[in-house]
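K.L.:
prediction below, plus the sequence it came from.
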Amino acid sequence: MKATGPIPPDFRADADGQLLIGNRSANELVEEAGGSPLFAYNSAVVRDRVRQFRAAFPGVALHYAVKANPFAPLLAHLAPLVDGFDLASAGELQALQASAAALPTSFAGPGKTDNDLAAALAAGVTVNLESEAEWARLHAAAGASRRPKVAVRVNPPFGLKGSGMKMGGLASPFGVDHDRVPALVRRIIDSGADWRGLHVYAGSQSLSAEAIIEAQRATVALAAEIAEAAGASPPEVNLGGGFGIPYFPGDQPLDVWAVGEALKQTLANRPTILRDTKFIIELGRWLVGEAGVYLTRVVDRKVSRGKTYLVTDGGLQHMLAATGNFGQLLRRNYPVAVASKFGAEPEEEVTIVGCLCTPLDLLADEVLLPRAQVGDLIAIFCAGAYGLTASPQAFLGMPAAREILV
C-alpha cells in the first residue's frame, strides 16, 4: 500500500456520501457538463485564498500567474479579486483580453517572438525583458511613436531553497544576470521608455516559510542594490511567488502568516531608494491549485496477477502531473477519492490507470480506497493548477476533458 497526499480541507460529502464541489455533487456536475472526464473548479476556494492573502500581506499587490490555469471563466472570476495578471505567452494575452477586465498586466518568458512583442506593445502590457537582445528588438519595434512599458527580469544570485523548480542562483534562460541589470536599466531609461521596475522569480512550489522569507529578504536587498547601481528607483518590484500547496504524503500547508509577518518587517526596513516602490507577489498554484478536482469515470475493473486495476476514461492526456510525469523525480500519489463514497472507510488496495496505451498512464498506484465499481467517479484533487493545459491533450487522439467553474 502506498499513501496519498492530503485532500484539501475545502471538500466534504453530502448525506449520501457524495463528494460536494461548491455545494454541488460530483455526479451532478458531470451530468451538467455533458460527461466525464471533467475538471471542476470551486470558486469559493479561490476567493478564500485571496482573502487569506489580503489578510497576511496588507499593502502588497497580488497578481495572478495565468499559466497556472487560463480557463476563461476562472480568469473572469479572478479579475475583480486581484490587482493584475502575469502572462507567459501571447496566447495567454488573448485569453485574458477575451475574458477579464483590464488590469495591470506583465508578459514574461524567454523566446518572445517579434509577433509576441508587437502584441504586447499593442495591448500596452509591461514586457519583462529576459535579455539585452530582447530589449533591442522591443525598442526597435516601438520606434519613435510608441513608449513601451518595460521591466527587467533578474536572474538572481540565489535560488528558492527547497522549491520544486529553482529559477535563480545558476545559469539560466530566464532573466538577465543580476550584475548586468543596472546597465540595461540605464539604457531603458535613457531611451525614454517607461521603465516599470524589476521582476525576480527565484523558484516555485515551496512549502517552507523560512525559505520564502529568506528569498524575499534577499530579493528586496538585491532590488535596492540594482537601483543604487542604476541610479533610479524602481516603480515596482515583483517579488515572484513560489508559494506551494500540499500534494503528497507528509506535505504540510505553507505558513503564509509567517511569510506575511516577515515581509512586513522587511518592507518596513527597506532601503530609502525603495521607499516609494510598489511591491507585488505573483501567485498561480497557491490561488487555484486546491480549488480544482479532476473527475474521471471507471470504465473497467480488472485483476491481473493478484493486483486490482481501476481503468478510467481519463488519464495523463488531461492530468499529466498526477502521473508523476510533470517534474516529479520519484513518483508519489496525489490526493484521490471515490467521489460516490467520499469519506468512507477504505476496503481494498487498487491501482488507478487511464485509458491510454502506455504504462506511464498511472493516476494512483496501490492506494487504499472504498470499493469502486464500473460507473463510479474517481476524484483527483489539487487539479486546479498545471492540469489540463499542462498535459498532452492531443496524445492518441482521445476525447477532450470538460471544464466547469462552480
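P.N.:
Looks like it arrived, so ask away.

K.L.:
now the helices for the stretch 201-350 of the chain?
P.N.:
With DSSP state H, counting those that start in this stretch, the ranges of helices along the stretch 201-350 of the chain come out as 209-230, 256-268, 285-288.

K.L.:
show the contacting residues for residue 260.
P.N.:
55-57 (Cβ atoms under 8 Å, 6 or more residues apart in numbering). No exception for glycine: its C-beta is placed from N, CA and C like everyone else's.

K.L.:
and it, how far from residue 267?
P.N.:
Between residue 260 and residue 267 the distance, using Cβ to Cβ, to the nearest Å, works out to 11 Å.

K.L.:
same check on residue 363?
P.N.:
With distances defined as Cβ to Cβ, the gap from residue 363 to residue 267 amounts to 43 Å.

K.L.:
same deal with residue 390?
P.N.:
In this structure, residue 390 and residue 267 are separated by 33 Å, where distance is defined by Cβ to Cβ.

K.L.:
more neighbours: which of residue 363 and residue 267?
P.N.:
When residue 363 and residue 267 are compared on other Cβ atoms under 10 Å, the one with more neighbours turns out to be residue 363, at 26 against 17.

K.L.:
where does the more buried one land on pLDDT?
P.N.:
Among the per-residue scores, residue 363 shows a pLDDT of 98.

K.L.:
quick check, it in contact with residue 354.
P.N.:
Yes. Using Cβ atoms under 8 Å, residue 363 makes contact with residue 354 at a distance of 5.9 Å.

K.L.:
identify the contacts common to those two.
P.N.:
Here residue 363 and residue 354 have 296, 312, 314-316, 323 as joint contacts, going by Cβ under 8 Å, 6+ apart.

K.L.:
quick one: low-confidence ranges for this structure?
P.N.:
100-101, 159, 161-170 (pLDDT under 70).

K.L.:
scan it for its longest strand.
P.N.:
Scanning the chain for the longest strand, with DSSP state E as the assignment, gives strand 292-304.

K.L.:
show me the contacts for the residue located most distally from the centre of the chain.
P.N.:
Most distant from the centre of the chain: residue 305, at 39.6 Å, with distances by Cα atoms, centre = their mean. Contact partners of residue 305, counting by Cβ under 8 Å, 6+ apart, are absent.

K.L.:
mind listing the strands for the stretch 251-400 of the chain?
P.N.:
For the stretch 251-400 of the chain, applying DSSP state E, counting those that start in this stretch gives strands covering 278-283, 292-304, 307-312, 336-338, 348-353, 362-369, 377-381.

K.L.:
just name the most buried of those strands.
P.N.:
Taking mean count of other Cβ atoms under 10 Å as the contact definition, the stretch among the strands of the stretch 251-400 of the chain with the greatest mean neighbour count is strand 377-381, which reaches a mean of 26.

K.L.:
just checking, what packs against it?
P.N.:
helix 26-33, strand 292-304, strand 336-338, strand 362-369 (3 or more Cβ pairs under 8 Å, 6 or more residues apart in numbering; DSSP states H and E).

K.L.:
which among these is found nearest to residue 141?
P.N.:
Shortest separation from residue 141 across those is recorded for strand 292-304, at 37.2 Å, computed as Cβ to Cβ.

K.L.:
could I have the closest one exported to CSV, CA atoms only?
P.N.:
Taking only C-alpha atoms (Å, rounded to 0.1, in the frame of the first residue of the first chain), the coordinates of strand 292-304 have been written out as CSV:
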residue,chain,number,x,y,z
GLY,A,292,-9.7,22.0,-8.8
VAL,A,293,-10.8,18.4,-8.9
TYR,A,294,-10.3,16.1,-11.9
LEU,A,295,-13.3,13.7,-12.2
THR,A,296,-12.9,10.6,-14.3
ARG,A,297,-15.2,7.6,-14.5
VAL,A,298,-14.3,3.9,-14.0
VAL,A,299,-14.9,2.0,-17.3
ASP,A,300,-13.3,-1.3,-16.3
ARG,A,301,-12.3,-3.2,-13.2
LYS,A,302,-9.8,-6.0,-13.6
VAL,A,303,-7.4,-8.2,-11.7
SER,A,304,-4.0,-9.1,-13.1
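
K.L.:
find the nearest non-adjacent residue to residue 371, please.
P.N.:
For residue 371, ignoring the flanking residues on the chain, the nearest one in space by Cβ to Cβ, 6 or more residues apart in numbering is residue 347 at 4.6 Å.

K.L.:
what about the one you found, how many neighbours?
P.N.:
When neighbours are defined as other Cβ under 10 Å, residue 347 has 13 of them.

K.L.:
isn't it up against residue 369?
P.N.:
Yes. With contact defined as Cβ under 8 Å, residue 347 counts as touching residue 369 (7.4 Å).

K.L.:
any idea which of the helices of the stretch 201-350 of the chain is most buried?
P.N.:
Between the helices of the stretch 201-350 of the chain, helix 285-288 has the highest mean count of neighbours, a mean of 27, where neighbours are mean count of other Cβ under 10 Å.

K.L.:
list of residues touching that helix?
P.N.:
Contacts made with helix 285-288 from outside it, assessed by Cβ under 8 Å, 6+ apart, are listed as 41, 46, 49-50, 53, 64-65, 68-69, 74, 78, 204-205, 241, 243-245, 254, 384-386.

K.L.:
contacts only, for the residue nearest to residue 371.
P.N.:
Residue 347 makes contact with 369-371 under the criterion Cβ under 8 Å, 6+ apart.

K.L.:
contacts made by stretch 111-122 with the rest, please.
P.N.:
For stretch 111-122, contacts defined as Cβ under 8 Å, 6+ apart pick out 89-90, 93, 107, 127, 130, 134, 137-138, 141-142, 146, 148, 173.

K.L.:
please, where are all the strands along the stretch 101-250 of the chain?
P.N.:
Listed in chain order, the strands of the stretch 101-250 of the chain (DSSP E, counting those that start in this stretch) span 105-107, 126-129, 149-155, 165-166, 176-177, 194-200, 203-204, 236-238.

K.L.:
other SSEs contacting the first one?
P.N.:
In this structure, strand 105-107 packs against strand 84-87, helix 90-99, helix 114-123, strand 126-129, with contacts taken as 3+ Cβ pairs under 8 Å, 6+ apart.
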